[in-house]
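*Asks:* curious how this folds, go ahead:
(one chain, ligands or ions: 1)
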Amino acid sequence: ALTAGIVGLPNVGKSTLFNAITKAGAESANYPFCTIDPNVGIVEVPDHRLDKLTELVQPKKTVPTTFEFTDIAGIVKGASKGEGLGNKFLSHIRQVDAICQVVRCFADDNITHVSGKVDPIADIETINLELILADLESVEKRIVRVQKLAKQKDKEALIEHDILVKLKDAFENEKPARAVEFTDEQMKIVKGLHLLTTKPVLYVANVGEDEIAEPDNNEYVQQVREFAEKDNAEVIVVCAKIEEEIAELDEEEKAMFLDELGIEESGLDQLIRAAYSLLGLATYFTAGVQEVRAWTFRRGMKAPECAGIIHTDFERGFIRAETVSYDDLVAGGNMNAAKEAGKVRLEGKEYIVKDGDVIHFRFNV
Ligand code: GDP
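*Replies:* Now for the predicted structure:
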């Protein structure tokens, strides 16, 4: 499964946030056969559509889909030079598919800040620079290898060489690989380099308990937003400490608490949805009387592949996907009404599944 890594400098609230994630965690009863890595937190993906479908279909049970976060401890300034847990840290980042960077935006004199004062932009730049320097080193090494091949007029080596030089130039100007423009063809080669700064990023602004209702009064949050806009990245505001408390509540208590705080959705729920979509993930539903269930797929997947997420037999014997969009189903009120309104389509092998599709797969056994 795709996973998002939680990173950040020491004392910004990573462990607190990760605690909230594991406490909120999806029931481990759903994973009877796996041992879960202690650095991985599995959460349910909040989706109001699933509640609505449950209301319409009244199934015996409802199963949300899940998402994984990985806790990546140990970045400090100098990580790319092996400081602290430097190399280990970088190899852990290499294994995740997206980066959620926690940034300290809360002022609390009792909690030491590694560089002496709260300065979210300096913190972000410190981390981003470490990742860029690590990538610079990989690219420089690769250039030496490719240059030898390029001398022998190896055509592919020449193409790669140009890409590497372009990347090196960006890194030397402290720009991440994701800011460099490439054609689709070039992008395939770039992906093969397994760089750190090609991974999509979102920033998690960790604010104080008293600021969560009006986070934009916090000047640090403003700064992070401005920075993120230049980086084409999203910002999610959380108060990690409050999230830790929320994670212990049941649904009803949670709703009351959020209401008291004056917020509609918990920061963690927002983070889960943002990370999910950052990774290019989307949800389709199956809605039978036995079970209403949400399934995660990658955007762009075709119907048979999506069927295979449920069971390999579904993919192998795929015939058709009886499909209705969530909106059309809700508008109709039930499956029969949607059918009568002509909203239920019989889609074939080439159909690209959309977020919110409610699907009944037909297959040969
Ligand atoms: P990490 O080193 O990034 O994992 O940071 P921790 O999660 O251990 O947090 C460092 C300290 O900051 C702990 O004492 C936390 O209780 C505190 N802390 C974390 N989040 C918040 C917050 O939102 N508000 C306040 N006031 N303190 C926080």
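
*Asks:* for the stretch 51-200 of the chain, what lies in contact range of the ligand?
*Replies:* The stretch 51-200 of the chain comes close to the ligand at residues 106, 108, 111, as judged by Cβ under 6 Å from any ligand atom. Backbone N, C-alpha and C define where each C-beta goes, glycine included.

*Asks:* now the buried members of the residues you listed.
*Replies:* Neighbour counting with 16 or more other Cβ atoms under 10 Å marks F106 as buried within those.

*Asks:* all helices of the protein, in order?
*Replies:* In the chain, the helices defined using DSSP state H lie at 14-24, 48-57, 86-94, 120-151, 155-172, 184-192, 219-230, 240-246, 251-261, 267-278, 303-310, 312-316, 326-332, 335-340.

*Asks:* ranking these by mean pLDDT, which is last?
*Replies:* When the helices of the chain are compared on average pLDDT, helix 86-94 comes out lowest at a mean of 81.

*Asks:* now for that one, which elements pack on it?
*Replies:* Contacts defined by 3 or more Cβ pairs under 8 Å, 6 or more residues apart in numbering; DSSP states H and E place helix 86-94 against strand 3-7, helix 120-151.

*Asks:* please point out which parts of stretch 46-57 sit buried.
*Replies:* 46-47, 49-50, 53, 56-57.

*Asks:* can I get it in PDB, CA atoms only?
*Replies:* Taking Å, rounded to 0.1, in the frame of the first residue of the first chain, the C-alpha atoms of stretch 46-57 are listed here in PDB:
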ATOM      1  CA  PRO A  46     -13.200   9.600   6.700                       C
ATOM      2  CA  ASP A  47     -15.900   9.700   4.000                       C
ATOM      3  CA  HIS A  48     -19.400  11.100   4.600                       C
ATOM      4  CA  ARG A  49     -20.500   9.300   1.400                       C
ATOM      5  CA  LEU A  50     -20.100   6.000   3.100                       C
ATOM      6  CA  ASP A  51     -22.400   7.100   5.900                       C
ATOM      7  CA  LYS A  52     -25.000   8.200   3.400                       C
ATOM      8  CA  LEU A  53     -24.800   4.900   1.500                       C
ATOM      9  CA  THR A  54     -25.200   3.000   4.700                       C
ATOM     10  CA  GLU A  55     -28.300   5.000   5.400                       C
ATOM     11  CA  LEU A  56     -29.700   4.200   2.000                       C
ATOM     12  CA  VAL A  57     -28.800   0.500   1.800                       C
END
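
*Asks:* need the contact list for the residue nearest in space to the middle of the chain.
*Replies:* What sits nearest the mean C-alpha location of the chain, by Cα atoms, centre = their mean, is A275, with 2.6 Å. By Cβ atoms under 8 Å, 6 or more residues apart in numbering, A275 lies in contact with 4, 67, 69, 98, 100, 202.

*Asks:* please list the members of these that lie in strands.
*Replies:* 4, 67, 69, 98, 100, 202 (DSSP state E).

*Asks:* comparing the helices and strands packed on helix 86-94, which stretch has the densest surroundings?
*Replies:* The highest mean neighbour count among these, using mean count of other Cβ atoms under 10 Å, belongs to strand 3-7: a mean of 23.

*Asks:* quick one: the spatially closest residue to I352 that is not a sequence neighbour and A287, what's the gap?
*Replies:* Spatial nearest neighbour of I352, chain neighbours left out: K302 (5.7 Å); criterion: Cβ to Cβ, 6 or more residues apart in numbering. Taking Cβ to Cβ, to the nearest Å as the measure, K302 falls 21 Å from A287.
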